[in-house]
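> Fold the following, please.
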Amino acid sequence: MEVLLEELQAGMLDERDLIRFSFRLTVATLLGAIVGYQRQIAGKDAGLRTHMLVAAGAALLVAAPQGAGMDIADLSRVIDGAITGIGFLGAGAILKREDKDIILGLTTAAGIWLTAAIGLAVGIGQIAVAALGTVLGWFVLASVGHLERRHALRSERTIVTEDDRRAR
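As a prediction, the model looks like this:
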């Protein structure tokens with residue numbers, strides 16, 4: 001029993017560290033929610049909860065070792081491993097259709113990767129950089145996606161019009 005108490009006390013944070021890491025994990029979760037909410041309202045499989053968990057998990061992956069005193073060289077290896085691992089998670093979102101030359105899920109995978117990067121940035125204390133990444137990610141997912149859809153509709157109309165002209 002004494003060993004368990006010692007172990008619990010050894011892992012206890014002082015008040016400043018507890019506030020710092022609580023803030024970082026909360027901010028990472030909220031920034032992940034912003035990206036995830038956009039994906040949720042767009043009807044994508046990886047939505048709000050997925051992006052929140054990815055951002056919080058990525059932040060925790062770097063905040064905990066940093067809090068334990070890990071130096072930057074070792075922390076960079078943790079970041080490298082997190083980036084590689086999140087690539088596998090994103091790869092699970094990508095599907096290639098057999099009947100057509102269509103690949104689905106690339107944007108979802110990229111969104112998960114961005115959300116992990118946001119979490120990693122928050123975890124190491126780069127909150128402003130993470131917030132900027134969140135804003136840019138939201139813009140790309142919401143606004144650029146809308147422009148792509150408009151362009152695709154125009155292209156379809158042009159093709160139909162050209163086909164109609166040929167039929168005449």
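
> So for stretch 34-51, mean pLDDT?
Averaging pLDDT along stretch 34-51 gives 92.

> what's the span of it, first residue to last?
8 Å (C-alpha to C-alpha, to the nearest Å).

> Could you list the buried residues of it?
Across stretch 34-51, burial judged by 16 or more other C-beta atoms under 10 Å covers 34-36, 38-40, 44, 46-48, 50-51. All C-beta atoms are positioned from the backbone trio N, CA, C, and that covers glycine.

> Which residues does it contact?
Stretch 34-51 has contacts (C-beta atoms under 8 Å, 6 or more residues apart in numbering) with 32-33, 52, 55, 93, 108, 111-112, 114-115, 118, 134, 137-138, 141-142, 145.

> mind running it again at 7 Å?
32-33, 52, 93, 108, 111-112, 114-115, 134, 137-138, 141-142 (C-beta atoms under 7 Å, 6 or more residues apart in numbering).

> and the most centrally placed residue in the chain, what helix or strand is that in?
When C-alpha atoms, centre = their mean is applied to the chain, the residue found nearest the centroid is residue 115 (1.5 Å). Element membership for residue 115, per DSSP states H and E: helix 106-123.

> Point out the other helices and strands that that helix packs with.
Contacts defined by 3 or more C-beta pairs under 7 Å, 6 or more residues apart in numbering; DSSP states H and E place helix 106-123 against helix 15-41, helix 48-67, helix 72-91, helix 127-139.

> starting at the chain centroid, how far to the first one?
Centroid separation for helix 15-41 versus its chain: 12 Å, with C-alpha atoms, centre = their mean, to the nearest Å.
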